[in-house]
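Asker: Show me how the following folds:
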Amino acid sequence: MASSSNRRRSGRADGRSRRAPARVNARRYRLPMRWVLPVMLLLAMTAMLMLRGYVRSEILADYRIRSVGAFDKVPKEISTGGPIIDTRNGKTTSLSLPKHRLVLTFDDGPDPVWTPKVLDVLKKHDAHAAFFITGTMASQHPDLIKRIVREGHEIGLHTFNHPDLTYKSQRGIDWQLSQNQLALEGAAGVRTSLFRPPYSSFPDALDNRSWPVVKYIGSRGYLTVLNNTDSEDWKRPGVDQIIRNATPKNGDGAIVLMHDSGGAHREQTLEALDRFLPELQAKGYKFQNLTEALGAPSAHTPVTGVELWKGRAWIFLVKASDKLTSVLIVGLAVVGSLVLARFGLMFLLSGAHARRVRRKNFRWGPDAPITQPVSVLVPAYNEAKCIENTVRSLVASDHPIEVLVIDDGSSDGTARIVEDLNLPGVRVIRQLNAGKPAALNRGLANARYDIVVMMDGDTVFEPSTVRELVQPFADPKVGAVAGNAKVGNKDLLIGAWQHIEYVMGFNLDRRMYDMLRCMPTIPGAVGAFRRSALERVGGMSEDTLAEDTDVTMALHRDGWRVVYAENARAWTEAPESVQQLWSQRYRWSYGTMQAIWKHRRAIIERGPSGRFGRVGLPLVSLFMVVAPLLAPLIDVFLLYGLVFGPTEKTVGAWLGVLAVQVVCAAYAFRLDRERMTHLISLPLQQILYRQLMYIVLLRSWMTALTGGRLRWQKLRRTGGVSTPPNGAAQQEPAMGGRTA
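Answerer: Residues are numbered from 1 along each chain as shown. So this is what the prediction gives:
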């Protein structure tokens, strides 16, 4: 504090001109990396997904095709001329190939399956060809572009994503050309002056809409290459027919249209090519690339400097987007596997747990039932609105107890309220504010009995809660017991969502973890401990923000069993605002990570500690940290699929995931005998509430990775939970929950 005061005094002494920069620096300092990193990560991921969608023609693709129209404005020398059209430098020229010169042209590639096989056949017969590539395919398969150029073939542009250019403005055409060139430059380090419009054919098919496109492309420095011999291999008419279609008449030169990509199988093209080349070579034909056949300079121009690096950067980004998507898909598969595994385990083990503890002759141990008095510790900090309800619910307990309210430096009169109640068996212990773990340790030091129950100051117990909670201690191996925490204020939407989470995500999990003997957390709202077990592990630790998780893991490592008592119900006041919920879950999430890290050495230890380290820690890490962190991938792909398709399949997949969630939630509600009507809000919870939990967990990760510190954050209470809701206290203990 002294240093802060000195800094403030120094700022005032320096005058107004020195204070303004100090405020700017303060604002910059307050921008935490745990916010910057998630935002940057989200923006980078979005950009990469958008890039992938663009390269794969899932974004900004135009599939419109215009039918042939009038052609009265097309010059006759063009429509009746050769397949090569030169409109560069304002001239209009039509060219044909010399006799016995064939230029094989392959459109729409390169294809990772068929292009290498086409190249193999060409190399086998010492033939050259021209490949009219799309920017999308070239961006994805740059190594094939390098091979095409290396083996002496020629490359022409075929636009970036194969639109009908008659629908494009001049600006749109320029974009298609520049993006196509960018991919070529990045892949092979060359530019090309050859171009073939998509959906083009013979010169006499040019009409009044496509001819202006050809003229404009020529003004940009490109030679337009159509064809005058169509193999029609895209129809897959058979090998013999492809050869007949591709063979020119009377030894004429020709530009032959074939395909090495386009989505179809090209076996017939390959077989026809392997026969066609030697047959026509024997007749004196030469298979050359275009400029070789014309006796002109190469259409390729090497690029260097900035243009080369721009192209390489483009290819790098495309590869990065593909790899990122691959990682996301793997992550999605991991998430799916984890979710299914978790659901399967929960269904099997939670059901087995319920059947075991609900048997008529079930006993926790040889010393059952437990009837000796227990101590109940209630740490309280500014709980004036709730503490009376809490203490009165304890006094109504049907099990002998002493109640210790440890006032942790409250400033709202919490201790005085309890003292004024003058209730039998209730003591108040005051201390300066030192935190919840210190308050619990103080209460533990003053407790009279060997079994200690701990609860929060905003929680209400049923009369049978303490009795049900301590019965598992009949087994001398049990060191701690987790109770059944329920949301008392579930009338609001956010409370209803937390109610679903508590029943499905907490209590169903606890049944599973009980059967696996690796319960990760004794809830602060309702838990009980064997005093000797706590003393052996050093009491409640202040090392983490999740002292309940920390001490539970410590008990496992010390060899104690931790179990779940479903009938020990406690009604707690859940946060009623997004800000309060954020604060609570942020602390829980970060504290859990701290506890996992603190007990990490259990993985390599022997005995009970090693068992928990090699079974419990991996399960807790997977189900409570890794799987929730990766789960947003489901929503990322959902959003991507809704926007860019396939929409129907995406919606169907999401509904399938939701159906699994509904079935699991319904099963959990049935086990806890909760009313199913609360599940009406489950779909909305999956869309909104779950996203908040994702962000909380991500921020916790970022806080941990950036070395941030998180303080305990006190939640504001309203005192809305005064008694167990809907007469829950009057239910028979053996039923294990509320009646439906």
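Asker: and the longest strand anywhere in the chain, average pLDDT?
Answerer: Scanning the chain for the strand with the most residues, using DSSP state E, yields strand 561-572. Here strand 561-572 scores 92 as its mean pLDDT.
Asker: Return the list of helices and strands in contact with that strand.
Answerer: helix 351-357, strand 459-461, helix 465-470, strand 478-487, helix 508-516, helix 547-557 (3 or more C-beta pairs under 8 Å, 6 or more residues apart in numbering; DSSP states H and E). C-beta here means a position set from N, CA and C on the backbone, and glycine is covered the same way.
Asker: Export that strand to CSV, keeping only CA atoms.
Answerer: Presented in CSV, the C-alpha positions along strand 561-572 are these (Å, rounded to 0.1, in the frame of the first residue of the first chain):
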residue,chain,number,x,y,z
ARG,A,561,-12.6,-44.0,0.1
VAL,A,562,-14.9,-41.1,-1.0
VAL,A,563,-18.5,-42.0,-1.7
TYR,A,564,-21.8,-40.4,-2.7
ALA,A,565,-24.9,-40.3,-0.5
GLU,A,566,-27.8,-39.6,-2.8
ASN,A,567,-30.4,-39.0,0.0
ALA,A,568,-28.3,-36.3,1.7
ARG,A,569,-30.0,-33.5,-0.1
ALA,A,570,-29.0,-29.8,0.3
TRP,A,571,-30.7,-26.9,-1.4
THR,A,572,-28.3,-24.2,-2.4
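Asker: closest to Leu206 out of the helices and strands packed on strand 561-572?
Answerer: Leu206 lies closest to helix 508-516 among the helices and strands packed on strand 561-572, at 68.9 Å (C-beta to C-beta).
Asker: The helices and strands packed on strand 561-572: which one's closest to Ala70?
Answerer: Closest among these, using C-beta to C-beta: helix 508-516, at 70.8 Å.
Asker: Keeping just the C-alphas, turn the closest one into CSV.
Answerer: Only the C-alpha atoms of helix 508-516 are listed here, as CSV (Å, rounded to 0.1, in the frame of the first residue of the first chain):
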residue,chain,number,x,y,z
LEU,A,508,-24.9,-38.3,-12.1
ASP,A,509,-21.2,-37.9,-12.4
ARG,A,510,-20.8,-38.5,-8.7
ARG,A,511,-22.5,-41.8,-8.9
MET,A,512,-20.1,-42.8,-11.7
TYR,A,513,-17.0,-41.6,-9.9
ASP,A,514,-18.2,-43.4,-6.7
MET,A,515,-18.3,-46.7,-8.6
LEU,A,516,-14.9,-46.0,-10.1
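Asker: tell me the average confidence for the helix or strand just after that helix?
Answerer: With elements assigned by DSSP states H and E, the helix or strand that comes after helix 508-516 is strand 527-530. Averaged over strand 527-530, pLDDT sits at 96.
Asker: Okay, now the sheet partners of strand 527-530, with direction.
Answerer: strand 451-454 (antiparallel), strand 478-487 (antiparallel) (DSSP bridges).
Asker: winner for burial among those strands?
Answerer: Mean neighbour counts were compared across those using mean count of other C-beta atoms under 10 Å; the top stretch is strand 478-487, at a mean of 27.
Asker: angle of it against strand 561-572?
Answerer: In terms of direction (axes from the mean of the first three to the mean of the last three C-alpha atoms, to 10 degrees), strand 478-487 departs from strand 561-572 by 30 degrees.
Asker: for the record, mean pLDDT for strand 478-487?
Answerer: 93.
Asker: ok, residues contacting the helix or strand following that strand?
Answerer: Following strand 478-487 in sequence order, the next helix or strand is helix 493-500 (DSSP H and E). For helix 493-500, the surrounding residues in contact (C-beta atoms under 8 Å, 6 or more residues apart in numbering) are 486-487, 489-490, 574-578, 581, 665, 674, 678-679, 681-682, 684-685, 689.
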